[in-house]
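> Quick one: sequence and predicted model below, then my questions.
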Number of protein chains: 2
Amino acid sequence: MVINLAHISDVAKLAGVSAATVSRVINGTAKVDEKKVKRVLDAINETNFKPNEIARSLYKKSSRIIGYIVPNLLNLFLIEIGRAIEDEAFENGYKVIFCNSEENQEKEAAYINMLVSMNADGIIISTSGNNPDEEICKCPLPVVVLDKCGNNSYTVSVQADNYTGGRLAAEHLIACGCQHIVQMHGSQEYSNARRRFHGYSDVCEEHNIEPLHIESSYDYNGGIVRSRELLARFPKVDGILAVSDMVALSLYRVLHETGRRVPDDIMIVGYDNLELSSLMTPSLTTVAQPMDEIGRTSAKIIIDMVENKKLEQSDVILPVSLKIRETTKLK
Amino acid sequence: MVINLAHISDVAKLAGVSAATVSRVINGTAKVDEKKVKRVLDAINETNFKPNEIARSLYKKSSRIIGYIVPNLLNLFLIEIGRAIEDEAFENGYKVIFCNSEENQEKEAAYINMLVSMNADGIIISTSGNNPDEEICKCPLPVVVLDKCGNNSYTVSVQADNYTGGRLAAEHLIACGCQHIVQMHGSQEYSNARRRFHGYSDVCEEHNIEPLHIESSYDYNGGIVRSRELLARFPKVDGILAVSDMVALSLYRVLHETGRRVPDDIMIVGYDNLELSSLMTPSLTTVAQPMDEIGRTSAKIIIDMVENKKLEQSDVILPVSLKIRETTKLK
């Protein structure tokens, strides 16, 4: 849905005043003659001009700054996306400010407010915490929500096709001959993890295989803890879908310590296709997320909103693919 | 060196005007009576008040923002430091803005200017390029230069003890029985790489061992290319000092592909002690840089400059240590 906004000049023309006067009425920045105020307010009603915060930010002078808020700067998936955001932004004369919310909603809110007060042109955010939606919904800037969404709908969201990602990984392990496949998945409060899990469990159902699963965070340390738990809970496991390439590295470590060989005893499929995944030994079979495209698309949406004065509302879903390497093979 | 600055109120008192008037004279923001201008200028001379850009920024209202500019967001060493900067900053009511210069001096200058114009309280920077000093030297904000320095002297620099780091790594490989030790080192234009190289070559000289070396970047891809070159140039190599833990991972890959076993055929010592290094298989012996302390110290210096109105000039050098793991062993 694209909302075309009436321009402030339309209001000024109808009210017979200057655009500056309309701005003064809206923002209360200086005293305006009462009759003129009435004419401006009438014209705003008639033109359906929306003098709300978003519209105001669109009419303000662009600061050429895009904010990128992530919950963890050591999450390489988000950093690779950030690099793409920056490439697209710089090619269009914008700068990018990276902010780290550390999975802390108070920090997230503080950074949103900081970006608003410095008149950033928009925010690209990977939300943290369980209920971050309120801050984002009331944010007066254009916002693109990356990767995971909570239960609310946002202005624009950009993510990879997580359902297909879950399917591709599960189908590949089944094709390799695995029968006890465990999916390590992220918190089901988020759409990305839910969709991946549905992809995996649909494939299991189609093949009459019992879906086995365990929740994990996406980082190295969480990966170590959950990998140990996984082996204890599912001793017959012969295939694992790691929640991220970073967690796959932790999984290697735990399998090595417990004397399991990859891929002979246990096969692994990672998720993300980080630079790291092709360098690990053995190199990691993984689901490739289009990080470059996710980043560039998000930046393009913000820039388009700034330059074409349009508020877009949409869900962008980008395709994933499977990269087959050394951690899986035909049994 | 600590310079105590005369306060603007000292000038105002002596000139018999308000602090606001002094500010107007300095900044030229409004017209001031000529006689008063003369009195203010005389008072500035007499009190030795320095109305330069740095002093002015110190007297401006703090924005409670610290900028952190890095040349590569995928350099995990710099990101772990960034996390520590942020912890220290947040505990003191400051926010941190991360900026990625991508080894591009034009971007670096653009981010410095952006931080100046948003009235940030200071900049912590890991410089990129060969001659970045000019932009940093003329920056009107307090600047802390991290890790590597060029040939100029900066206001404040914070880095780990790279000389000792180079020594520790070389001494350990010699103690393990290695005789053909190659140091992968960073560009010798920077102090960190020069000091590490001196540490390594001093140890070689003390043991009558020929120093062997090859330049490398600090990232995965550079690591792959240089590791291949290293094996071609030094076929007898039995010990390698990697320029970073990330490059050590690339080195594993190349050694694996060429059928060399670690540590039996070739021993490796990494550099940094990233989270990654203890998870790699085999786990990586490495020189631990105090990333948390580097980050917190840098942030403390900026905050101290803001809150105590002092300009410090110093070089902070923090200690390193050796973490012995599975990539080295007694022969």
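On my side now, so go ahead. Since we're looking at a predicted model, the values are computed, not measured.

> Only C-alpha atoms from now on, for both contacts and neighbour counts.
OK.

> The closest residue to chain B within chain A: what secondary structure?
Going by CA to the nearest CA, chain B is nearest to residue A:98 of chain A, at 4.7 Å. Following DSSP: H, G, I helix; E, B strand; the rest coil, the label given to residue A:98 is strand.

> List the residues that contact it.
Residues near residue A:98 by CA atoms under 8 Å, 6 or more residues apart in numbering or on different chains: A:67-70, A:82, B:97-99.

> Run through the residues that contact residue A:159.
Residue A:159 neighbours (CA under 8 Å, 6+ apart): A:146-148, A:192, A:294, A:316-318.

> One more: residue A:320?
Going by CA under 8 Å, 6+ apart, residue A:320 touches A:160-162, A:164-165, A:287-290.

> Widest-spaced pair of those?
The span of the contacts of residue A:320, defined through CA to CA, is set by A:164 and A:290 at 13.1 Å.

> about what we covered before: ok, now how distant is the residue of chain A closest to chain B from residue A:65?
To residue A:65, residue A:98 is 11 Å away according to CA to CA, to the nearest Å.

> One more: residue A:222?
34 Å.

> again, but for residue A:328
Counting by CA to CA, the gap from residue A:328 to residue A:65 is 44 Å.

> between the two, who's got more neighbours?
Neighbours were counted for residue A:328 and for residue A:65 using other CA atoms under 10 Å in any protein chain shown; residue A:328 has more, 25 against 22.

> In this model residue A:173 seems to touch the more buried one, though I could be wrong.
Yes - using CA atoms under 8 Å, residue A:328 is in contact with residue A:173, at 7.4 Å.

> what touches both of the two?
Joint contacts of residue A:328 and residue A:173 (CA under 8 Å, 6+ apart) are A:267, A:269.

> OK, contacts around residue A:328?
A:173, A:176, A:262-263, A:267-269, A:285.

> Helices of the stretch 1-150 of chain A, residue ranges please.
Listed in chain order, the helices of the stretch 1-150 of chain A (DSSP state H, counting those that start in this stretch) span A:8-15, A:19-27, A:34-47, A:53-59, A:76-91, A:105-117, A:133-137.

> Tell me which of those sits most buried.
Scoring the helices of the stretch 1-150 of chain A by mean neighbour count under mean count of other CA atoms under 10 Å in any protein chain shown gives helix A:76-91 as the most buried, with a mean of 21.

> Closest to residue B:34 out of the contacts of residue A:159?
For the contacts of residue A:159, the nearest to residue B:34 is residue A:146 (57.7 Å; CA to CA).

> Quick check: the closest one vs residue A:126, distance?
As judged by CA to CA, residue A:146 and residue A:126 stand 5 Å apart.

> Between the two, which has more neighbouring residues?
Set side by side, residue A:146 and residue A:126 show more neighbours around residue A:146, with 25 against 21, by other CA under 10 Å.

> Just the pLDDT for the residue with the largest distance to the centre of chain A.
Most distant from the centre of chain A: residue A:35, at 48.0 Å, with distances by CA atoms, centre = their mean. Model confidence at residue A:35, given as pLDDT, is 86.

> would you say residue A:227 is within a helix?
Yes - with three-state DSSP as the criterion, residue A:227 is part of a helix.

> all helices of the stretch 201-331 of chain A, in order?
A:220-233, A:245-257, A:275-279, A:291-308.

> mind checking how far the last one is from the chain centre?
It stands for helix A:291-308. The gap between where helix A:291-308 is centred and where its chain is centred comes out at 13 Å by CA atoms, centre = their mean, to the nearest Å.

> Could you pick out which of the contacts of residue A:159 are located in strands?
A:146, A:316-318 (DSSP state E).

> still on that earlier bit, going by neighbour count, which of the contacts of residue A:328 comes out on top?
residue A:269 (29 neighbours).

> Need the per-residue pLDDT for the closest residue to residue A:107 other than its chain neighbours.
Computed as CA to CA, 6 or more residues apart in numbering or on different chains, the closest residue to residue A:107 that is not its neighbour in sequence is residue A:101, at 5.1 Å. Note on residue A:101: pLDDT of 91.

> which ones are touching residue A:101?
Applying CA under 8 Å, 6+ apart, the residues near residue A:101 are A:69-72, A:107-108, A:111, A:128.

> 6 Å - rerun?
A:70-71, A:107-108 (CA atoms under 6 Å, 6 or more residues apart in numbering or on different chains).

> Please apply the same query to residue A:14.
residue A:43 are the contacts of residue A:14 under CA under 6 Å, 6+ apart.

> Per-residue pLDDT of it, please?
The model's pLDDT for residue A:14 equals 88.

> Distance-wise, check it relative to residue A:47.
Distance from residue A:14 to residue A:47, by CA to CA: 9 Å.

> Nearest spatial neighbour of residue A:167, chain-adjacent residues omitted?
residue A:199 is the one closest to residue A:167 (CA to CA, 6+ apart), at 4.4 Å.

> and the residue sitting nearest the centre point of chain A, what is it in contact with?
Most central in chain A under CA atoms, centre = their mean is residue A:146, positioned 1.5 Å from the mean C-alpha point. Contact analysis of residue A:146 by CA under 6 Å, 6+ apart lists A:125-126, A:157-159.

> need the residues of the stretch 201-331 of chain A near chain B, please.
A:253, A:279 (CA under 6 Å from any CA of the partner chain).

> Could you do the stretch 51-200 of chain A as well?
Selection of the stretch 51-200 of chain A residues close to chain B by CA under 6 Å from any CA yields A:97-99.

> one more time with 8 Å, if that's ok
A:73-74, A:76, A:79-80, A:83, A:95-99, A:111, A:118 (CA under 8 Å from any CA of the partner chain).

> hmm, which two among those residues are most spread apart?
Going by CA to CA, the pair spanning these furthest: A:76 and A:118, at 27.3 Å.

> check contacts around the nearest residue to residue A:95 once chain neighbours are set aside.
Of all residues not flanking residue A:95 in the chain, residue A:65 sits nearest, at 4.9 Å (CA to CA, 6+ apart). The neighbourhood of residue A:65, defined by CA under 8 Å, 6+ apart, consists of A:94-97, A:120-122.
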